[in-house]
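1. Here is my input, please return the structure:
(chains A, B, C and D)
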Protein chains: 2
Amino acid sequence: MVTDPNKATRKPRADSLRNRERLLAAAAEIFRAGGPEASLEAVARRAGVGIGTLYRHFPTREALFEAIYRREVEQLAGLAEALAKSEPPFRALRLWLHAGVRLTATKRGMLTALTLAIDKSSEIYAFSSAQLTLALGVLLRRASAAGEVRGDVEPEDVLQALVGLSLMGRQEDWETNVIRLVDIFVDGLRAAAPLPADAVAG
Amino acid sequence: MVTDPNKATRKPRADSLRNRERLLAAAAEIFRAGGPEASLEAVARRAGVGIGTLYRHFPTREALFEAIYRREVEQLAGLAEALAKSEPPFRALRLWLHAGVRLTATKRGMLTALTLAIDKSSEIYAFSSAQLTLALGVLLRRASAAGEVRGDVEPEDVLQALVGLSLMGRQEDWETNVIRLVDIFVDGLRAAAPLPADAVAG
DNA sequence: AATTATACGGAGGGTCCCTCCGTTTTCAAG
DNA sequence: CTTGAAAACGGAGGGACCCTCCGTATAATT
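-> Got it, this is the predicted structure:
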């Protein structure tokens, strides 16, 4: 009667699913406002569930981050494909990076959270790295094949640059500024080939 | 007799100075090991003083960070002058940035701490910004005057890029990697005039 | 030695973390 | 529809921290 591995799994309980959803919504809200160190008990309160329920669904703070962040990452990854089909190579690359900046602009608090999370459990890192690396890889190889970008740079590198640059801004015109920096970086990618000292390609 | 330069203010108490020093040493140790969220009570314990003493000397966690970090910053700022005298412009700029990377490599935990601190109190940000901006400004203007670097970039921007890029790495060959990224960025700076707006146009 | 400005230590009230377990709800078999 | 048990729920409770407050101790000055 004991182990029947393949069969007879009960349908997941409705309240469980509902609560999980509520928790995610509440958490997104709370973290967005209060930063990555906001109280989990506050999250539970806002979700209208007991603290025990929160911990059953998300055993660690990081698990909660992960669940929320995963969606964002998937969405950004999806954008890469779209751009690869609708835009010329270099432009696609640049636009994707801009989108990355913008995403982090909106989700700033969340991103800070991530820095912390990544420090500790590297599963999220593995996942998002994989997703985004793949997505960016497409754009990068495409641009490289078109001879618009140097060929010795891996998606991981560009990704690191993107996140790093995005993580900094504190001032008013934050987003604009970061985009400038990203563009400078992209220019650096472009310059790769032995560039004649004088020329400015018209 | 001895000196009374400005006012009849009492000499600071010896135990106060001693405790302040002990606290700084203990804090550096504890934070280095336990990250920016380590317990302040643990710091006090290790310093062998009461928790009240800690709070009197450093009213906030950030104040503690600031005190520790200030030294590092001053040191790095000093390096800029030295390089400006001993190296050719572009090379000086590049070397300084490399040194920046390396400093953060050693003090990684501390730097993470800083990201948090900066989020909250911006005094440290103001101070270190000022120091480093000044230092970097020298190098940048020099390189720009020599025509080796585009002229429309402010030290603040490059600084942000440096810190951002440095903040990311997680892997083995972290330092090498970041230095590569910094170099790519610097290449981007070098490209005299930005290319015509073939893309972008948000 | 006496005075007094300063600094010290740590108890105390509050929040948060996370576990544990008695109670409630949901599913599905009869 | 009943009913029993699997699955989920809520929240009390012990421990760690945070930070304030204030009576006590001590260094500088007279």
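
2. wait, does the host helix or strand of A:A82 contact DNA strand D?
-> Secondary-structure element containing A:A82, defined by DSSP states H and E: helix A:61-86. No. Applying C-beta under 7 Å from any atom of the strand, one finds helix A:61-86 separated from DNA strand D by no less than 14.1 Å. From N, CA and C alone the C-beta is placed, and that goes for glycine too.

3. Does that helix reach DNA strand C?
-> Yes. Part of helix A:61-86 sits near DNA strand C under the criterion C-beta under 7 Å from any atom of the strand, namely A:R61.

4. so what secondary structure elements neighbour that helix?
-> Applying 3 or more C-beta pairs under 8 Å, 6 or more residues apart in numbering or on different chains; DSSP states H and E, one finds that helix A:61-86 contacts helix A:14-34, helix A:40-47, helix A:89-106, helix A:108-120, helix A:123-145.

5. pLDDT below threshold where in chain A?
-> Applying pLDDT under 70 to chain A flags residues A:1-8, A:71-73, A:103-128, A:167-174, A:191-202.

6. repeat that with 50
-> Where chain A drops to pLDDT under 50, the residues are A:1-7, A:120-121, A:193-202.

7. Residue numbers of it in contact with DNA strand C?
-> A:8, A:10-11, A:13-15, A:39-42, A:51-52, A:55, A:59-61.

8. Pick out whichever of those residues sits closest to chain B.
-> A:R61 (11.6 Å; C-beta to the nearest C-beta).

9. Run a quick check on that closest one versus A:L40, I expect a contact.
-> Yes. Counting by C-beta atoms under 8 Å, A:R61 touches A:L40, with 6.5 Å between them.

10. tell me the angle the helix or strand where A:F185 lies makes with helix A:123-145.
-> Following DSSP H and E, the helix or strand that holds A:F185 is helix A:174-190. Note on geometry: by axes from the mean of the first three to the mean of the last three C-alpha atoms, to 10 degrees, helix A:174-190 and helix A:123-145 are set 50 degrees apart in direction.

11. between helix A:174-190 and helix A:89-106, how many degrees?
-> Using the same axes, to 10 degrees, the inter-axis angle of helix A:174-190 relative to helix A:89-106 is 150 degrees.

12. so does helix A:174-190 get close to chain B?
-> Yes. For helix A:174-190 and chain B, the contact criterion (C-beta under 8 Å from any C-beta of the partner chain) is met by A:177-178, A:180-181, A:183-190.

13. domain assignment for chain A?
-> The record assigns chain A these domain ranges, following automatic domain parsing: A:12-59, A:60-190.

14. Could you list the buried residues of stretch A:52-64?
-> Within stretch A:52-64, the residues that count as buried by 16 or more other C-beta atoms under 10 Å in any protein chain shown are A:53-54, A:57-58, A:61-64.

15. Is it possible to get JSON lines of those residues that adds distance to B:G147?
-> Supplementary listing: the buried residues of stretch A:52-64 in JSON lines, determined by distance: C-beta to C-beta, whole Å:
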{"residue": "A:T53", "distance to B:G147": "65"}
{"residue": "A:L54", "distance to B:G147": "60"}
{"residue": "A:H57", "distance to B:G147": "60"}
{"residue": "A:F58", "distance to B:G147": "56"}
{"residue": "A:R61", "distance to B:G147": "51"}
{"residue": "A:E62", "distance to B:G147": "49"}
{"residue": "A:A63", "distance to B:G147": "54"}
{"residue": "A:L64", "distance to B:G147": "52"}
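
16. I'd like the helices and strands packed on helix A:61-86 as a markdown table, with distance to B:E21 and mean neighbour count appended.
-> Output for the helices and strands packed on helix A:61-86, formatted as a markdown table (distance: least, C-beta to C-beta, whole Å; neighbours: other C-beta atoms under 10 Å in any protein chain shown):
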| stretch | distance to B:E21 | mean neighbour count |
| --- | --- | --- |
| helix A:14-34 | 35 | 16 |
| helix A:40-47 | 37 | 18 |
| helix A:89-106 | 40 | 20 |
| helix A:108-120 | 30 | 19 |
| helix A:123-145 | 38 | 18 |
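
17. I'd like to know which elements the helix holding A:F185 is packed against.
-> Counting contacts by 3+ C-beta pairs under 8 Å, 6+ apart, helix A:174-190 packs against helix A:89-106, helix A:155-168, helix B:155-168, helix B:174-190.

18. Which one, of these, ends up nearest to A:V149?
-> helix A:89-106 (6.8 Å; C-beta to C-beta).

19. so how far is the closest one from its chain's centroid?
-> Its chain's average C-alpha position is 12 Å from that of helix A:89-106, according to C-alpha atoms, centre = their mean, to the nearest Å.

20. Mind telling me which residue of chain A is nearest DNA strand D?
-> Closest approach of chain A to DNA strand D (C-beta to the nearest atom of the strand) occurs at A:G52, with a separation of 1.8 Å.

21. now could you export just the CA positions of whichever strand or helix holds that residue as PDB?
-> Using DSSP H and E, A:G52 sits in helix A:51-57. The C-alpha atoms that make up helix A:51-57 are tabulated as PDB, following Å, rounded to 0.1, in the frame of the first residue of the first chain:
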ATOM      1  CA  ILE A  51       3.200  33.300   9.000                       C
ATOM      2  CA  GLY A  52       3.400  29.500   9.000                       C
ATOM      3  CA  THR A  53       1.700  29.400   5.600                       C
ATOM      4  CA  LEU A  54       4.300  31.700   4.200                       C
ATOM      5  CA  TYR A  55       7.100  29.600   5.400                       C
ATOM      6  CA  ARG A  56       5.500  26.400   4.100                       C
ATOM      7  CA  HIS A  57       5.200  27.900   0.600                       C
END
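
22. What helices and strands are in contact with it?
-> Under the contact definition 3+ C-beta pairs under 8 Å, 6+ apart, helix A:51-57 sits against helix A:14-34, helix A:40-47.

23. Could you dump those into JSON lines and include distance to B:I68?
-> Below are those laid out as JSON lines (distance: least, C-beta to C-beta, whole Å):
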{"stretch": "helix A:14-34", "distance to B:I68": "26"}
{"stretch": "helix A:40-47", "distance to B:I68": "30"}
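
24. wait, A:R102 sits on A:V182?
-> No. Using C-beta under 8 Å, A:R102 makes no contact with A:V182, being 10.7 Å away.

25. Identify the contacts common to the two.
-> Counting by C-beta atoms under 8 Å, 6 or more residues apart in numbering or on different chains, no residue touches both A:R102 and A:V182.

26. Since that was my last question, I'll sign off now.
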